[in-house]
Every structure is written in C-alpha cells, then in structure tokens.
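In: sequence? don't have it. structure:
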C-alpha cells in the first residue's frame with residue numbers, strides 16, 4: 001500500500017496580521033466613507049496579508065487548466081461525448097477557449113495540462129502532457145482510481161504551481177460535474193438530489209440517471225468515505241485530484257488561490273478537509289449556476305465575488321473575477337487619503 005506524501009499535511013503559515021492591520025488603517029484614511037467599497041476593501045486587506053505589505057499588487061496570475069476523462073461518463077451522464085475533453089485540449093492549445101481569451105486579456109501565465117484523456121492527444125500541441133491513465137474507472141462499479149494514481153495526480157497538480165500573486169485552477173472533463181456532486185455528497189453528507197445538477201444541460205431523464213448513479217456509488221463505497229483522500233480516490237477525477245494538490249501546494253507557497261465554480265469548489269472542499277490550514281489562502285470567484293453550488297459554498301462558508309449565472313468551468317469565472325481583485329488593489333494603493341487630498345473626514 002502506498003503512503004500518502006507528507007507534504008499534503010504540512011502546516012501553512014497564516015497571512016501577515018500586521019500587514020492586514022496596516023491595510024485596514026489605510027482603508028480608513030482613504031477619501032470615502034468607511035466600508036463604502038464593500039468587498040473591495042476586504043480584498044485589499046486580505047492581499048496585504050498574503051503579500052506581507054500595506055500596499056499589495058496583482059501582477060503575476062498563474063492559470064492552470066487540468067483535463068481528464070471520467071469512467072462514469074460511459075453511463076450517459078453528460079450531453080456531450082467524451083471526445084470533447086481531448087478536443088477542448090486542442091482548443092486550449094490554440095487559445096480558442098473562453099478561459100484563454102480571458103487569461104490573455106489579463107496577461108496571465110496560462111497552461112493546459114492533460115492528466116488523463118481517453119482519446120489520443122497530439123504530443124506536438126502546446127499543452128503539458130502528464131497523463132496518469134486513459135481516464136478514471138466507472139465509480140459506480142469500483143474506485144475511480146488506485147491510490148498510486150491518486151498520489152500521482154496530486155503531485156502533478158502541485159508541480160504546476162510556482163511563485164505568483166494568485167493561482168487559478170481550472171478543469172475540463174466530460175462527466176466531472178457527476179464526480180464533483182458525488183464528492184460534495186460524501187464530504188458533507190448531502191442527499192444526491194440536493195447537490196446534483198444538469199452539468200452540460202442534460203434532460204430530466206439523464207439527470208435522474210446521474211443522481212441515481214451517485215447514490216449507487218455512495219452506497220458501494222460507504223465504508224471508504226470517512227477520509228477525504230479516500231473520497232477522492234473512490235469518487236474523484238484526475239483533474240480534480242490535480243486541483244487538490246495545486247490548491248494545497250499554492251497555499252504552502254503562500255500564494256492565494258482563487259477558486260472557480262462547482263468542480264473547483266469540490267476540489268477546495270477536499271483540500272480543506274485534508275489540510276484545514278489552507279483556509280485563509282482560499283478566495284471564491286463566483287456562484288455558479290450549477291444546481292448545488294450555492295449549497296456547496298454555504299458548506300465552505302464562502303462569499304463569492306461574482307454571481308453572473310456562469311457554469312462553464314475551465315477557471316473562466318475565476319479569471320474574470322481576478323480583474324475585480326486587481327481593481328480593488330489599485331484603489332487601495334492609489335486613492336488619496338483625506339490628508340493628501342485636503343478633504344475633511346468624518347471626525
């Protein structure tokens with residue numbers, strides 16, 4: 001039996017409290033009523049803690065999209081065929097996906113990572129090739145992956161992190177809303193029908209089948225669903241496992257993580273269960289239109305930055321929301337104080 005790597009559980013230092021206090025004091029001196037910029041103020045304070053300075057900035061944004069296939073897709077849980085996963089990797093390489101357009105506008109460091117597609121990927125295209133297997137197994141019949149495969153996926157994710165002001169992890173994989181819903185149901189002991197949504201836009205019959213398969217898997221693996229890494233092994237996808245590894249490794253490097261939508265939040269839920277000390281380093285980008293995401297965000301006690309009825313995945317909502325963070329930090333650093341502007345304050 002393989003032993004899980006120790007780095008997953010290594011304690012993570014909290015953000016710099018002195019820098020956060022200095023940033024709060026600055027916010028109270030800016031030419032505005034206290035609290036009038038709402039979440040923009042708390043964002044600036046949190047980033048001061050992340051960067052250990054009163055005036056933080058957002059320069060280097062790291063975006064990694066992990067792609068893999070799911071054995072459960074063979075049961076007909078998606079409106080799209082599994083060939084789409086490999087085709088979308090080609091699209092990422094060409095810069096044609098939504099997240100590519102958004103990342104380019106942000107001048108972000110973007111890469112797509114193949115961690116296990118069923119269909120063959122041209123080795124010449126400009127994506128990172130780290131396939132673990134040709135997709136996971138059907139988790140309604142057996143564990144999605146072996147322990148060795150899980151460890152490999154976690155480490156692939158960790159290896160895609162580096163020094164940055166912000167890490168964004170995206171995902172692509174036909175069938176992965178089924179996996180994410182199963183993970184939420186297991187981690188938070190939720191009824192499958194409460195957390196399972198339409199994903200790619202499936203009809204009522206397919207939604208019912210998808211929900212029933214999740215219930216079947218929860219019963220099949222019940223004895224193994226008491227530990228987060230076992231949940232991930234039984235129900236996860238290679239791309240979700242890579243996100244878990246990337247989220248933990250980013251926090252350990254004192255790089256904040258901006259969590260995207262439904263699937264990325266399932267990875268965040270597992271990462272938090274594995275290593276609770278990452279919690280201060282996670283921010284949440286948006287509330288997905290996928291059924292169950294609002295409930296999932298309640299479970300992680302998150303207040304997302306945006307609600308635009310998005311449900312694309314890929315990290316697209318997080319890349320979009322990072323522009324809000326950048327503007328919040330610019331306001332914090334460049335607005336005049338009352339003294340600088342010669343404006344009378346409330347006192």
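Out: Nice, I can see it. The structure displayed is predicted, hence computed values, not measured ones. Numbering: from 1, shown residues only.
In: Next, the contact list for residue 51, please.
Out: By CB atoms under 8 Å, 6 or more residues apart in numbering, the contact set of residue 51 is 16, 19, 57, 165. For every residue, glycine as well, the C-beta is placed using N, CA and C.
In: same question, residue 69
Out: 82, 85, 116-119, 134-136, 173-175, 237 are the contacts of residue 69 under CB under 8 Å, 6+ apart.
In: What residues of stretch 196-212 count as buried?
Out: 196, 197, 198, 199, 200, 202, 206, 207, 209, 210, 211 (16 or more other CB atoms under 10 Å).
In: still on that earlier bit, most widely separated two among the contacts of residue 69?
Out: Spatial extent of those (CB to CB) is set by the pair 119 and 237 at 15.6 Å.
In: neighbour count winner among those two?
Out: residue 237 (36 against 15; other CB atoms under 10 Å).
In: now the buried residues of stretch 196-212 in CSV, with distance to residue 5, secondary structure and pLDDT?
Out: Formatted as CSV, the buried residues of stretch 196-212 follow (distance: CB to CB, whole Å; DSSP: H, G, I helix; E, B strand; the rest coil; pLDDT from 0 to 100):
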residue, distance to residue 5, secondary structure, pLDDT
196, 32, coil, 97
197, 33, coil, 95
198, 36, coil, 95
199, 31, coil, 93
200, 34, coil, 89
202, 37, coil, 94
206, 38, helix, 95
207, 37, helix, 96
209, 37, helix, 97
210, 33, helix, 97
211, 34, helix, 97
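In: Would you mind confirming that residue 178 is in contact with residue 215?
Out: No. Assessed by CB atoms under 8 Å, residue 178 is found out of contact with residue 215, at 11.6 Å.
In: Between those two, point out the one with more neighbours.
Out: Neighbours per residue, other CB under 10 Å: of residue 178 and residue 215, the larger number sits with residue 178, 30 against 17.
In: residues in contact with that one?
Out: 70, 72, 73, 77, 78, 196, 199, 210, 213, 214.
In: wait, which of the residues you listed is closest to residue 302?
Out: Closest to residue 302, out of all of the contacts of residue 178 and judged by CB to CB, is residue 196, at 20.0 Å.
In: doesn't residue 293 make contact with the closest one?
Out: No. Residue 196 is beyond contact range of residue 293, at 11.4 Å (criterion: CB under 8 Å).
In: Could I get the buried residue list for the helix or strand of the chain with the lowest mean pLDDT?
Out: When the helices and strands of the chain are scored by mean pLDDT, DSSP states H and E, helix 338-341 comes last with a mean of 94. Within helix 338-341, the residues scored as buried using 16+ other CB under 10 Å are residue 338.
In: cool, stretch 286-304 as well?
Out: For stretch 286-304, by 16+ other CB under 10 Å, it's 286-293, 296-297, 300, 302, 304.
In: So for it, first residue to last residue, what's the gap.
Out: Terminal residues of stretch 286-304 lie 5 Å apart, using CA to CA, to the nearest Å.
In: Report the mean confidence score over that stretch.
Out: Throughout stretch 286-304, pLDDT has a mean value of 96.
In: Can you give the contact residues for that stretch?
Out: 39, 177, 181, 184, 187-188, 190, 194-199, 259-262, 265-266, 268-269, 272, 282, 284-285, 305-311, 317-318, 320-321.
In: Mark which of these are buried, thanks.
Out: Buried among these (16+ other CB under 10 Å): 177, 181, 184, 187-188, 190, 195-199, 259-262, 265-266, 268-269, 272, 282, 284-285, 305, 310-311, 317-318, 320-321.
In: mind listing the strands in this structure by residue range?
Out: According to DSSP state E, the chain carries its strands in the segments 61-68, 109-116, 128-129, 166-172, 257-259, 282-284.
In: The nearest residue to residue 107 once chain neighbours are set aside bridge partners, please.
Out: Closest residue in space to residue 107, ignoring its immediate chain neighbours: residue 61 at 7.9 Å, by CB to CB, 6 or more residues apart in numbering. Residue 61 forms beta bridges with residue 166, as assigned by DSSP bridges.
In: Residue 61: what's it in contact with?
Out: Counted by CB under 8 Å, 6+ apart, residue 61 has contacts 103, 106, 107, 108, 109, 164, 165, 166, 168, 319, 322.
In: if I look at the closest residue to the fourth one other than its chain neighbours, how far off is residue 112?
Out: Read it as residue 108. Here the nearest residue to residue 108 in space, its sequence neighbours aside, is residue 61; by CB to CB, 6+ apart that works out to 4.2 Å. Residue 61 is 15 Å from residue 112, where distance means CB to CB, to the nearest Å.
In: now residue 177
Out: 19 Å.
In: now do residue 248
Out: 21 Å.
In: The two: which has the busier surroundings?
Out: More crowded of residue 248 and residue 112, by other CB under 10 Å: residue 248, with 29 against 25.
In: pretty sure the more buried one is touching residue 273, no?
Out: No. Between residue 248 and residue 273 there is no contact under CB under 8 Å: 11.0 Å.
In: those helices in the stretch 101-250 of the chain, which residues are they?
Out: Assigned by DSSP state H, counting those that start in this stretch, the stretch 101-250 of the chain shows helices spanning 147-159, 176-188, 192-195, 204-220, 228-235, 238-252.
In: Can you tell me which of the ones you listed is nearest to residue 94?
Out: Of those, the one closest to residue 94 (CB to CB) turns out to be helix 238-252, at 19.7 Å.
In: now the closest one and helix 176-188, what's the angle there?
Out: 60 degrees (axes from the mean of the first three to the mean of the last three CA atoms, to 10 degrees).
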